[in-house]
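Colleague: Sequence plus predicted model, see below.
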Amino acid sequence: MTSFRRTTAALALSAVAGLAVTVAQTPAQADDRPLRTVDVRLIGINDLHGNIEPPSGSSGRVTLSDGTQVEAGGAAYNATHIKNLQAQVRNSVIVGQGDLIGASPIVSALFHDEPTVEILNRVGMDTTAAGNHEFDEGYQELLRMQRGGCHPADGCQFRESYDGAKFPILGANVTLAENGLPALPPFWVEFRDGVPIGFIGMPLKDVPILVDPNGIKELRFGEEIAAANRYADLLNWLGVKSIVLLVHQGDNTSGGGPDDCRTVSGGPGRTIAEQVSPKIDAVFSGHSHQHYNCTVTDPAGNPRPFIEGLAFGRELSVVDLKIDRRTREVIRSATVAKNHVVTRNVTPDPAIQSVIDLAKSKSGPIANRPVGSIASDIPRAQNSAGESALGNLIADSQLAATTGNGAVLALMNPGGVRADLTHASSPAGEGNGVVTYGEAFTVQPFGNILQTVTLTGAQLKAALEQQWQVVNGAPRQIILQPSAGLTYTWSASAAIGSKVSDIVLNGTPLDPAASYRVTINSFLQGGGDGFSVFTDGTDITGGGIDLDAFTGYLTAHPNTAPPALGRITTVA
């Protein structure tokens, strides 16, 4: 790929929007010959989640349109595929759609995802949208990931220093609460053959209910469409006519292969893709961990791609644009899009593999340390009532770790349970049921602090009722995982707010007027996932890290069996 020398300039735009915007600038290259158009290949990656090693199990496979499966993913393979895709064209830009870091395996997360950022730097990423997981450790940590510097608590453990991301992390809808100014660069401009291409990037507006609210108190997250339109107008005014949206919001699907378009009707990603400004020529999406390659119609009646690749680095979303040199406009009819599977039948990039090997060697002694054993697989999948064996086990561990705080029950959010605990996943692959620290970390990677709070019985019931909400006009269900001793029933047909009944704690019906000590993690205590009732808890007593509670429980209970289901029951 041709190397482009960047300089960063802050443009004072008070007359236009009162904002400071970062723009990439490069001198126009001399053409080999007069050309009417400029061809540019966009290569997108989304929801990598620090999976620099090839992901395993179903997380490392891609299902094709004919139902066959292909092993895929791994940063060293990704780098080779990117180089091959770049070699086919004169101009290319590498972009991201968010969640490139966060909720990562221990090989990256142990070093606060610095290995992943180093790999993305080496691959040559040009810009990315922030996703919700970029905010997992808070806004200030995201700024450190961008700017560099050692972690304030852990220092520099991966390298002697950390230089930061060489690509801008964008957040067009993220502003500072105190003054409304951008908290992150809202857009970035790349030049190819002298033609500017603008990239507007942003996370979904629901970040405050998806991460620990305590880490983002100074931020506000706005509507995606409004922010995209505002900066599309600004870019157009600046003379940038080719514009791409990188948005960390996507849709679920009914299946299909990499280039099928089987998105579920009414999804938030398609809504954005169809309604944002006609000035936007392509929409790269993420967040849903699905793959699809769709063509939507913009408000002016013109087609544009709406695409997302499979998570964990298994696919690259490739969009080829043809840009009119005179008008700087994308010729929409010539746009070609595809999802490219990152197969493992190519030679892994040795430079990238060296970074992975270093991370493995440094994390290995910690990751491979046994912390307990299990009698059989303990899955995270939820049954029809929303209950999960692994979720129950984690709740039990959190209750056991906080009985000294007076806790009588614990509740765990299902989104914090990231992987199954499998009997055959020991380091030697012998199926002996040994659980390593690395495996436990993969299950619970967020490092949330346990909090024990006092709630009345009425407040506890209200919190359980918040498992069903209407968000952006659509119903949403998030079933909390209860510790042993708490049982209740919920009705599928009852109205939201009146679904829960027969709440019993240790054999005694819940008393609405009584007080109960309840353990939750800091994410829930801050109102995460929309559980605002937990913010009303009193007499907050801090506990340890959730992962420590989990590993401690496994150590104390060798040969742990999956907890029986039945704590939650449901009726029609």
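Modeller: Thanks, I have it.
Colleague: Strands of the stretch 1-150 of the chain, start to end?
Modeller: For the stretch 1-150 of the chain, the strands defined by DSSP state E, counting those that start in this stretch occupy 7-12, 20-25, 37-45, 61-63, 69-71, 92-96, 127-129.
Colleague: I should have written the stretch 401-550 of the chain there, sorry.
Modeller: Per DSSP E, counting those that start in this stretch, the stretch 401-550 of the chain carries strands over the ranges 409-412, 434-436, 449-456, 468-471, 474-477, 481-482, 486-491, 500-505, 508-509, 515-521, 538-545.
Colleague: in its sheet, what does the first one sit against?
Modeller: Sheet pairing here is set by DSSP bridges, and for strand 409-412 it gives strand 481-482 (antiparallel), strand 515-521 (parallel).
Colleague: what about that strand, average pLDDT?
Modeller: Rounded to a whole number, the mean pLDDT of strand 409-412 is 98.
Colleague: export that strand as CSV, just CAs?
Modeller: Listed next in CSV are the C-alpha coordinates belonging to strand 409-412 (Å, rounded to 0.1, in the frame of the first residue of the first chain):
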residue,chain,number,x,y,z
LEU,A,409,-28.8,-12.7,47.3
ALA,A,410,-26.9,-11.8,44.2
LEU,A,411,-27.9,-10.9,40.7
MET,A,412,-25.7,-11.1,37.6
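Colleague: give the contact list for S59.
Modeller: Residues near S59 by C-beta atoms under 8 Å, 6 or more residues apart in numbering: 51, 73, 311-312, 419. Every residue, glycine included, has its C-beta placed from N, CA and C.
Colleague: and the two most separated of the residues you listed?
Modeller: The distance between the two most remote of the contacts of S59 (C-beta to C-beta) is 14.8 Å, for G73 and A419.
Colleague: Settle it for me: which of those two has more neighbours?
Modeller: Applying other C-beta atoms under 10 Å to G73 and A419 shows that G73 carries more neighbours, namely 27 against 21.
Colleague: can you list the strands of the stretch 401-550 of the chain in TSV and add distance to R262 and mean neighbour count?
Modeller: Listed next are these as TSV, based on distance: least, C-beta to C-beta, whole Å; neighbours: other C-beta atoms under 10 Å:
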stretch	distance to R262	mean neighbour count
strand 409-412	32	26
strand 434-436	37	21
strand 449-456	40	21
strand 468-471	23	15
strand 474-477	19	12
strand 481-482	31	26
strand 486-491	31	18
strand 500-505	34	16
strand 508-509	46	10
strand 515-521	35	24
strand 538-545	40	14
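Colleague: Let's have these in CSV, adding distance to A172.
Modeller: Converted to CSV, those look like this (distance: least, C-beta to C-beta, whole Å):
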stretch, distance to A172
strand 409-412, 34
strand 434-436, 41
strand 449-456, 31
strand 468-471, 21
strand 474-477, 23
strand 481-482, 35
strand 486-491, 39
strand 500-505, 39
strand 508-509, 50
strand 515-521, 30
strand 538-545, 34
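Colleague: so which of those strands gets nearest R270?
Modeller: R270 lies closest to strand 474-477 among the strands of the stretch 401-550 of the chain, at 12.8 Å (C-beta to C-beta).
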